[in-house]
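In: Got a predicted structure here, sequence first:
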Amino acid sequence: MRAGTRFERTAVTRRILRSLAVTAAATAALALGLAGCAAQPADSDGEAAASGEAIRMGTQPWLGYGQWYVAEDQGFFTDRGVDVALSSFNADADVNAALAANRLDMANVGAQAALQFIEQGLDVSIVLMLDSATEADAILSGPGVSEVTDLAGKKVAFERGATSEILLAEALDAAGMSFDDVEVVEASADKVAPMLLAGRVDAGVTYEPYVSEALGADAGVSALVTAGEFPGLITDVLVVRNEVLDERPDEVREVLGAWDDAVTFTADHTAEAREIIATGVGSDVADLETAFDGVHYYSLAENRELLTGTYLTETLPALITVSERIGLLEAPVDAKTAVRAEFLGE
């Protein structure tokens, strides 16, 4: 999907993004103090993060967030005089819980997760559109499952409350089926491929780099459905605590500038950037070639056009409406209050 695409209702439904388990994650964080959820920083900046000197950013091993690895590797944060401590989480619920428990200043999440944060009173704003994807999320199937209708009565693994659940719901609905027709096996995205390869489930929903790892295992696994069959499915955003936006605005601008530097670097030095990103997500770049081709990274120029344009006036309101209809949002959220675009520059 390219910038400026107008989404139909079904496409907007599919834009329910990678992190929908916000309520459960926030509850767990508050109840457990994030016990067991804390991730290790990507480098030795953990002490700085703890002291508040660094901007604490939560991410996941997902290609769409890969420009942060490029920015770190190429010294773009340092060049811009901003200290960023990257912390990587394997499960959606964990990064959501870390933000809810004030262990992060900003996080890479799905738009629906951001809206749920706001609905539940977490004082954050969307400041940047990061990426959209088509081929990097997929329903994988083992032998004997060649069509979605073959999933009837079969064990299907996926992460509840995440985009994986939405992709599966959309695929089942298109086939005239529902979750009642399959045996649900709850598993985080990083656990799905091993379960499928071990024969513990018949199908599973995950994203890159796990998709490529499963397809490359020569174990009869195939991609039953990809996000490319549902245009507009994956779009991720950066959310930042409003207190950070108010107290450290210049640093936030430089963080976004470093993202833009990385996007430009990737366009000019694609092979090198992909190597960096592949290393960041823990995979082999050769295994991710197709996946990279299915990810679009948004520049600041595109953000300046969209984040205060059609994304704000059409996409987010439509997403809010759909989310209310299917019960993901219990109360209305004003799209105009969810976005702060003053950090994008001119």
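Out: Here it is on my side, so go on. Numbering: from 1, shown residues only.
In: buried stuff in stretch 155-172?
Out: If you call a residue buried by 16 or more other C-beta atoms under 10 Å, then stretch 155-172 has these buried ones: 155-159, 161-172. C-betas here are computed from N, CA, C, even on glycine.
In: what's the first-to-last distance across it?
Out: 14 Å (C-alpha to C-alpha, to the nearest Å).
In: where's that stretch relative to the chain centroid, distance-wise?
Out: 14 Å (C-alpha atoms, centre = their mean, to the nearest Å).
In: what about the longest helix in the chain?
Out: Longest helix in the chain by number of residues (criterion: DSSP state H): helix 249-268.
In: what about the host helix or strand of Asn108, average pLDDT?
Out: Element membership of Asn108, judged by DSSP states H and E, is strand 106-110. The average pLDDT within strand 106-110 is 92.
In: Check which helices and strands that strand is in contact with.
Out: strand 55-59, helix 92-100, strand 234-241 (3 or more C-beta pairs under 8 Å, 6 or more residues apart in numbering; DSSP states H and E).
In: which residues of the protein score low on pLDDT?
Out: Along the chain, segments meeting pLDDT under 70 span 1-52, 161, 231-234, 322-323, 325-327.
In: residues touching the nearest residue to Gly345 once chain neighbours are set aside, list them.
Out: Nearest non-adjacent residue to Gly345, counting by C-beta to C-beta, 6 or more residues apart in numbering: Leu300, 6.1 Å away. Neighbouring residues of Leu300 by C-beta atoms under 8 Å, 6 or more residues apart in numbering: 256-257, 259-260, 344-345.
In: thought Gly199 was touching Gly142?
Out: Yes - assessed by C-beta atoms under 8 Å, Gly199 is found in contact with Gly142 at 7.0 Å.
In: ok, and what's touching the strand holding Asn108?
Out: If you take C-beta under 8 Å, 6+ apart as the criterion, strand 106-110 is touched by 16-20, 55-60, 62, 64-65, 68, 95-96, 98-99, 117, 127, 130, 163, 235-241, 244, 252, 255.
In: packing partners for the helix or strand following it?
Out: Later in the chain than strand 106-110, the nearest helix or strand by DSSP H and E is helix 111-119. Under the contact definition 3+ C-beta pairs under 8 Å, 6+ apart, helix 111-119 sits against helix 22-32, helix 92-100, strand 124-133, strand 234-241, helix 316-325, helix 335-338.
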